[in-house]
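Engineer: Predicted structure and sequence below. I'll ask about it afterward.
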Amino acid sequence: VQLVESGGGLVQPGGSLRLSCLASGFTFSRYTMNWYRQAPGKERELDARIARVGDITYYADSVEGRFTISRDNAKNMVYLQMNTLKPEDTGVYYCNALHVYPYEYDYWGQGTQVTVSS
């Protein structure tokens with residue numbers, strides 16, 4: 001099982017980035033996909049979630065209206081489009097695959113660093 005994130009980097013406030021996560025080793029379409037962020041010195045927090053077929057999404061209040069999560073089940077990919085970035089969006093972004101039923105377990109990627117700074 002692998003989740004490999006890419007697309008992180010340094011961006012100025014107000015800029016945009018698109019994160020990608022390539023999944024392999026499991027049946028991607030059976031998993032809810034999530035993007036978490038871990039800011040320096042803080043716990044990992046859920047930023048966005050997308051249901052197995054992409055029909056339901058959830059966003060944390062802090063990113064609602066600025067971030068968009070999407071997935072392509074044919075390519076085993078999940079994306080996070082991040083617009084109007086703020087310094088407080090800085091952190092390591094992790095891709096997470098959540099299997100809910102009948103057993104709950106999940107997989108994590110290694111993370112990609114996003115730094116928003118002028």
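Structural biologist: Arrived safely. Bear in mind the structure is a predicted one, so any value in this text is a computation, not a measurement.
Engineer: Provide a list of residues in contact with the most centrally placed residue in the chain.
Structural biologist: Central residue of the chain (C-alpha atoms, centre = their mean): W35, 2.4 Å from the mean position. The contact partners of W35, taken as C-beta atoms under 8 Å, 6 or more residues apart in numbering, are 19, 21, 46-49, 67, 69, 78, 80, 93-96. Just so you know, the C-beta spots here come from the backbone N, C-alpha and C atoms, and that holds for glycine as well.
Engineer: Can you flag which of those belong to strands?
Structural biologist: Among the contacts of W35, the members falling in strands (DSSP state E) are 19, 21, 46-49, 67, 69, 78, 80, 93-96.
Engineer: Buried members of those into PyMOL, please.
Structural biologist: To isolate the buried ones among those in PyMOL, judged by 16 or more other C-beta atoms under 10 Å, type:
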select buried, resi 19+21+47+48+49+67+69+78+80+93+94+95+96
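Engineer: want to throw the ones in strands among the contacts of W35 into CSV with pLDDT and distance to V4?
Structural biologist: Below are those laid out as CSV (pLDDT from 0 to 100; distance: C-beta to C-beta, whole Å):
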residue, pLDDT, distance to V4
L19, 98, 11
C21, 98, 7
L46, 97, 20
D47, 97, 18
A48, 98, 18
R49, 98, 19
F67, 98, 20
I69, 98, 17
V78, 98, 11
L80, 98, 14
Y93, 98, 13
Y94, 98, 11
C95, 98, 8
N96, 98, 13
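Engineer: quick one on the thing from earlier: is the residue nearest to the centre of the chain bridged to anything, and to what?
Structural biologist: For W35, the beta-bridge partners are A48, C95 (DSSP bridges).
Engineer: wait, G91 sits on T112?
Structural biologist: No - G91 lies out of contact with T112 (C-beta atoms under 8 Å); the separation is 10.0 Å.
Engineer: Please render the ones in strands among the contacts of W35 as a markdown table that adds distance to Q12 to the earlier fields.
Structural biologist: Below are the ones in strands among the contacts of W35 laid out as a markdown table (distance: C-beta to C-beta, whole Å):
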| residue | distance to Q12 |
| --- | --- |
| L19 | 17 |
| C21 | 24 |
| L46 | 26 |
| D47 | 20 |
| A48 | 22 |
| R49 | 28 |
| F67 | 17 |
| I69 | 23 |
| V78 | 25 |
| L80 | 18 |
| Y93 | 18 |
| Y94 | 23 |
| C95 | 24 |
| N96 | 28 |
